[in-house]
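K.L.:
Have a look; sequence and predicted model below, questions after that.
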Amino acid sequence: MVTREQERAWTIAAAVADPEVPVLTIEDLGVLRRVEFTGDAVHVDITPTYSGCPAMDAIRDDVVLALTSAGFDHVEVRLVLSPAWTTDWMTDAGKRKLTEYGIAPPSGRAAVPSGPIRLAISVRCPRCGSLDTREVSRFGSTSCKSLFECRACLEPFDHFKVH
């Protein structure tokens, strides 16, 4: 049974912004996995989008600051690597926010390949909606994004990789 304090702690932690894509919260991104209490200590589990993600230290510090500022005295943030993060954990609201921010959200569902590997036929431009796009670089501004160019409006944009 979830207590009011757990709900309050979740709500506070969930509002922490992703430092790399500040329009997203860690809840939108699916990085926030669990908030639990042991006695008076709050334990928060977060999962990185990629192992070695440099944003995790900032996210951890921001979660601790948000919760201690709200009156929680003992806060522990744990980095949980298993199960591995997947874009399936992103919220629909998060995907809409990415589009509005100019980043093409992941499409499809992440899956462990067990046969032919799916190829992305095209990525919709978040600015004009065109499917006439091309990948410029497999790695964009961060390792979880790739850089695309729209041939219709000639604008570059990041695409959040399906993972």
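P.N.:
Noted; the coordinates are in hand. A quick note: this is a predicted structure, and the numbers were derived from the prediction, not measured.
K.L.:
Next up, the contacts around V64.
P.N.:
Residues near V64 by C-beta atoms under 8 Å, 6 or more residues apart in numbering: V75, V77. C-beta coordinates here come from the backbone N, C-alpha and C atoms, glycine included.
K.L.:
Need the three-state assignment for it.
P.N.:
Assigned by DSSP: H, G, I helix; E, B strand; the rest coil, the conformation of V64 is helix.
K.L.:
quick one, phi psi at the most centrally placed residue in the chain?
P.N.:
Against the mean C-alpha coordinate of the chain, by C-alpha atoms, centre = their mean, the closest residue is L29 at 2.7 Å. The phi/psi pair for L29 (degrees, to the nearest 10) reads phi -80, psi -20.
K.L.:
Wait, it touches D18, no?
P.N.:
Yes: with contact defined as C-beta atoms under 8 Å, L29 reaches D18; the gap is 5.5 Å.
K.L.:
What distance do you get for the residue nearest to the centre of the chain to R60?
P.N.:
Applying C-beta to C-beta, to the nearest Å, one obtains 14 Å for the distance of L29 from R60.
K.L.:
what does W89 give?
P.N.:
Taking C-beta to C-beta as the criterion, W89 is separated from R60 by 18 Å.
K.L.:
Kindly report the same for T142.
P.N.:
For T142 relative to R60 (C-beta to C-beta), the value is 17 Å.
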